[in-house]
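**Q** here is the input, now give the coordinates:
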Amino acid sequence: MDNLDFNDARIYISTGGGRTRLGNVSGKTQERFTREWRLPTIGFEVDLLGGGLYRTQEMAVTAGEAFDLLIQAGFVRLIPRGR
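**A** Residues are numbered from 1 along each chain as shown. Model (predicted):
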């Protein structure tokens, strides 16, 4: 996770109707999270402290797959980049 914004962010993994907290990323910092995931899709929610809540679309995942999440400055948009 790369947070280019000044605000801290709480990161959640979401699928279906539920969500699980992944961790926090302070403003203007990067953080790496590792999580075992057994469902066929994954989505992310970013709750910017002092800002809004942003959700990605759910994406198909396979075992061992990694994702980079870029939080742009200014709360304009959230860009997930799967690898």
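
**Q** excluding chain neighbours, what is closest to I11?
**A** Residue nearest to I11 in three dimensions, not counting chain neighbours: L22, with 4.4 Å by CB to CB, 6 or more residues apart in numbering. Bear in mind the C-beta positions are built from the backbone N, C-alpha and C, glycine included.

**Q** look at L70 and tell me its secondary structure.
**A** The three-state assignment at L70 reads strand, by DSSP: H, G, I helix; E, B strand; the rest coil.

**Q** what pLDDT does the model give it?
**A** The model reports L70 with a pLDDT of 92.

**Q** any low-confidence regions in the protein?
**A** 75-83 (pLDDT under 70).

**Q** what segments of it are helices?
**A** Taking DSSP state H to define them, one finds no helices in the chain.

**Q** most centrally placed residue in it?
**A** What sits nearest the mean C-alpha location of the chain, by CA atoms, centre = their mean, is F44, with 4.3 Å.

**Q** what's the distance between the most far-flung residue of the chain relative to its centre and D2?
**A** Taking CA atoms, centre = their mean, the residue of the chain most remote from its mean C-alpha position is A63, at 18.0 Å. According to CB to CB, to the nearest Å, A63 stands 24 Å off from D2.

**Q** all strands of this protein, in order?
**A** Here the chain has its strands, by DSSP state E, at 2-3, 9-15, 18-25, 29-30, 41-48, 53-55, 59-60, 67-71, 78-82.

**Q** surely L53 touches V46?
**A** Yes: assessed by CB atoms under 8 Å, L53 is found in contact with V46 at 7.2 Å.
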